[in-house]
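[1] Fold the following.
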Amino acid sequence: MSAPVVQDGGELIEAHLLGDATGFARLDALYRPRLLRFVDRMVRDPARAEDLVQETLLRVHRNGDRYNPARKFSTWIYTIAGNLARNDLRRHRRSPFVPWESAGDSGHPLNRGDTAPDPGPLPDEQEVTRSTMDLIERMIARMAQLHRRVFVLRELEGMTYEEIAEIVECDLGTVKSRLNRARRSFARLLAPYLD
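    Take a look at the predicted model:
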């Protein structure tokens, strides 16, 4: 018996367009959790992030025929999600900074989609990990929105510089410059907690 073949988004959208009734459901299951983490880190509001990811997937469903198979599917879908999040931030005219008082109990774990119990660390180790992740989330939230976006795409989503350049629609040098500034900003924000 052979292992099931994992399809990428490009293959799944093509299957959907060719009439495969499960193609889009599999695409949704593959990308929704990742997009939620990405968008939530940008807008800092889980309910708005859910709405924006739903709108992203709706646009992909409606406009799947516009996908260019010569490009990576993940770049296309992250571009849509990132643009919707950026426009949402403009509409709400939110500051990219979260007040310190409200950031302390943000409820934004990095792996919100995990539901299976983990027989891993002991409770006190989990608390250290949870508090570390909360601290990281708070520091990311305090970064300028322009830098936060490239930082999240590179450091947390693991995208290449080229993919990020396509998503944020700027040249490679600008991505590297923004990422450098974002890393310095993150390090500066985190430094007082490392002493």
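[2] isn't T56 right up against N83?
    No: counting by Cβ atoms under 8 Å, T56 does not reach N83; the two are 9.1 Å apart. No exception for glycine: its C-beta is placed from N, CA and C like everyone else's.
[3] Which one's more surrounded, these two?
    Taking neighbours as other Cβ atoms under 10 Å, T56 and N83 compare with T56 leading, 25 against 16.
[4] Common neighbours of T56 and N83, please.
    The contact sets of T56 and N83 do not overlap (Cβ atoms under 8 Å, 6 or more residues apart in numbering).
[5] neighbours of V43, just the number please.
    By other Cβ under 10 Å, neighbour count at V43 equals 20.
[6] Could I get the contacting residues of it?
    Neighbours of V43 in contact, by Cβ under 8 Å, 6+ apart: 49, 52, 85, 88-89, 92, 94.
[7] Any of these buried? List them.
    49, 52, 85, 88-89 (16 or more other Cβ atoms under 10 Å).
[8] Adding distance to G23, pLDDT and secondary structure as columns, could you present those in CSV?
    Output for these, formatted as CSV (distance: Cβ to Cβ, whole Å; pLDDT from 0 to 100; DSSP: H, G, I helix; E, B strand; the rest coil):
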residue, distance to G23, pLDDT, secondary structure
A49, 24, 94, helix
L52, 23, 95, helix
A85, 25, 91, helix
D88, 28, 88, helix
L89, 32, 84, helix
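[9] between these, which is closest to D65?
    L52 (22.3 Å; Cβ to Cβ).
[10] Regarding this structure, what is its longest helix?
    Identified as the longest helix of the chain according to DSSP state H is helix 172-194.
[11] got the contact list for that helix?
    Outside helix 172-194, the residues that touch it by Cβ under 8 Å, 6+ apart are 135-136, 139-140, 142-144, 146-148, 150-151, 154-155, 161-162, 164-165, 168, 170.
[12] Buried subset of the residues you listed, written for PyMOL?
    In PyMOL, a selection of the buried entries from those looks like this (16+ other Cβ under 10 Å):
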select buried, resi 135+136+139+140+142+143+147+148+150+151+154+164+165+168
